[in-house]
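here is my input; please provide its structure:
(one chain, ligands or ions: 2)
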Amino acid sequence: MDGENEHNNISEELDVAVRVVQMACSLCQRVQDGLLHNNNNNNNNNRDHHHHQQQQINSKDDNSPVTIADWGVQATVSWILTECFGSENVSIVAEEDVQTLSKKEAAGLLESVVNAVNECLAEAPKFGLESPSKALESWEVLQAISRCNSDGGPKGRYWVLDPVDGTLGFVRGDQYAVALALIEDGEVILGVLGCPNYPMKKQWLNYHQSYYRLMSKLSPPAAGSWDKGCVLYAQRGSGKAWMQALVHDHRKLDQHSYAREIKVSTIDDPAIATFCEPVEKTNSSHSFTAGLAESVGLRKQPLRVYSMVKYAAIARGDAEIFMKFARAGYKEKIWDHAAGVVIVQEAGGVVTDAGGRPLDFSRGVYLEGLDRGIIACSGSVLHDRIINAVDASWDSSNL
Ligand SMILES: Nc1ncnc2c1ncn2[C@@H]1O[C@H](COP(=O)(O)OS(=O)(=O)O)[C@@H](OP(=O)(O)O)[C@H]1O
Ligand SMILES: [Mg+2]
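Ligands and ions are numbered 1, 2, ... in the order given. Take a look at the predicted model:
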């Protein structure tokens, strides 16, 4: 594709956002490798098992696993954005808070987070950003995390961050994403999606992947495996979306000249279209989407993928449809969608709720008023068909 040498004019905000997401991805990779390494070792050494699990996967109130990576990424992104743009200009809506992390009994965990953050920030110059003059203290890391306390809303500018989206995929060695977006007056104006386990080259992306990841751990990684992940980004209104390789050293290259443009798929025949959906059926009804697929004439098996990598798959043209129908009463959060939506739209796709209306990012941390579910498609032909099928089958569904 062209675009290799094209200098795309992007805003300073987007430039910094891409760089910090690259940094965040390398933090995540280090933590995920550690996590999987420990789990593998533990198969041979059960006595340590409990200890390691305790240390690295922690329970929030809702029992979702929260790792060093979640807090580490949030602290890193918060610190970098604040340094680059000034604390008076930066407000951030993000998933994590410091409740668990500030408890006395979490001292060891906090230390691990602080170490991960400092290790990551020390590498900032490789990504064209500045490191702190000296390692951050625990209180500074806690402060960076807790200053992400914006509630969003209809006015002004705020960043929206999901430090590790798809936490389950992350702890299972599978797909996850780092998602950063900027909202202005209720509209997503830029989005960056880091997908550390989603290879640049179109490869299969399915539930066998974790098995292959495990196998690849048994033999040392081959040279060049550094480019296994990708970062996608787009600026609202540009009509363009971009992808670059996950890299560990940006120093010598102008990163954006290494980006290539991505476009949604041109397939609009349901018989050969692929739809993706959440892995967990507690997050989206697999039986309802199976019914929709049947009535629309989709023939392929659904591609079940953790996290906002589903939006990445649509934006890159690897799949044509993404559907999510959460149980009644569940309220979708803005950080689970903002970055993905703008990237899909600028890559040429269509994203709405099941009523055909745009997602409303202007009403706080939740996507208030969302009609039934979320439908992202490569084009309006498939999108219209899905919307019509939802209307036809909704009343007889149990949702
Ligand atoms: N009950 C329920 N219903 C719907 N959605 C829920 C629900 N619970 C959580 N979440 C949010 O879903 C995020 C993960 O969604 P995915 O589409 O990636 O699902 S899956 O991981 O593939 O199963 C997940 O994001 P992370 O917490 O960042 O992993 C949650 O924000
Ligand atoms: Mg999430």
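
what's the burial count for residue 244?
Residue 244 has 21 neighbours, counted by other CB atoms under 10 Å. Where C-beta positions appear, they are placed from N, C-alpha and C, glycine not excepted.

need the three-state assignment for it.
Here residue 244 is recorded as strand under DSSP: H, G, I helix; E, B strand; the rest coil.

and it, what's its pLDDT?
With respect to pLDDT, residue 244 has a value of 92.

what bridges to it?
Applying DSSP bridges to residue 244 yields these beta-bridge partners: residue 231.

thought it was touching residue 262?
No. Checked against CB atoms under 8 Å, the pair residue 244 and residue 262 is beyond contact range at 10.2 Å.

now do the buried residues in stretch 116-129.
Taking 16 or more other CB atoms under 10 Å as the neighbour-count basis, stretch 116-129 is seen to contain the buried residues 116, 117, 118, 120, 121, 123, 124, 126, 127, 128, 129.

from what I see, the first one and residue 70 are in contact.
So the one you mean is residue 116. No. In this structure, residue 116 is not within contact of residue 70 by CB under 8 Å, at 10.5 Å.

overlap of the contact sets of these two?
Residues within reach of residue 116 and of residue 70 at once, by CB atoms under 8 Å, 6 or more residues apart in numbering: there are none.

wait, what's in contact with whichever residue of the stretch 151-300 of the chain sits closest to ligand 2?
When distances are taken as CB to the ion, the stretch 151-300 of the chain reaches nearest to ligand 2 at residue 165, 3.6 Å away. Contacts of residue 165 were listed using CB under 8 Å, 6+ apart, and they are 176, 177, 178, 179, 307, 308, 335, 336.

that's a strand at residue 78, yeah?
No. Using three-state DSSP, the secondary structure at residue 78 is helix, not a strand.

hang on, it packs against residue 141?
No. In terms of CB under 8 Å, residue 78 does not count as a neighbour of residue 141; the distance is 9.4 Å.

which one of these two is surrounded by more residues?
In terms of neighbours (other CB under 10 Å), residue 141 is the more surrounded of residue 78 and residue 141; the figures are 29 against 26.

for my notes, confirm residue 70 occurs in a helix.
Yes. When the secondary structure is assigned by three-state DSSP, residue 70 falls within a helix.

give me the neighbour count for it.
Neighbours of residue 70 (other CB under 10 Å): 27.

in the host helix or strand of residue 388, what's buried?
Take DSSP states H and E as the rule and residue 388 turns out to sit in helix 380-393. For helix 380-393, the buried set under the neighbour-count rule, 16+ other CB under 10 Å, comprises 382, 383, 385, 386, 387, 389, 390.

would you mind listing what in the stretch 101-250 of the chain touches ligand 1?
When proximity is defined by CB under 6 Å from any ligand atom, the stretch 101-250 of the chain lies next to ligand 1 at 162, 165, 166, 167, 168, 169.

beyond the host helix or strand of the first one, next helix or strand please.
Taking DSSP H and E as the criterion, the element that holds residue 162 is strand 157-165. Tracing the chain C-terminally past strand 157-165 and defining elements by DSSP H and E, one meets helix 167-171 next.

can that next one be found next to ligand 2?
No. Judged by CB under 5 Å from the ion, helix 167-171 stays clear of ligand 2, getting no closer than 7.2 Å.
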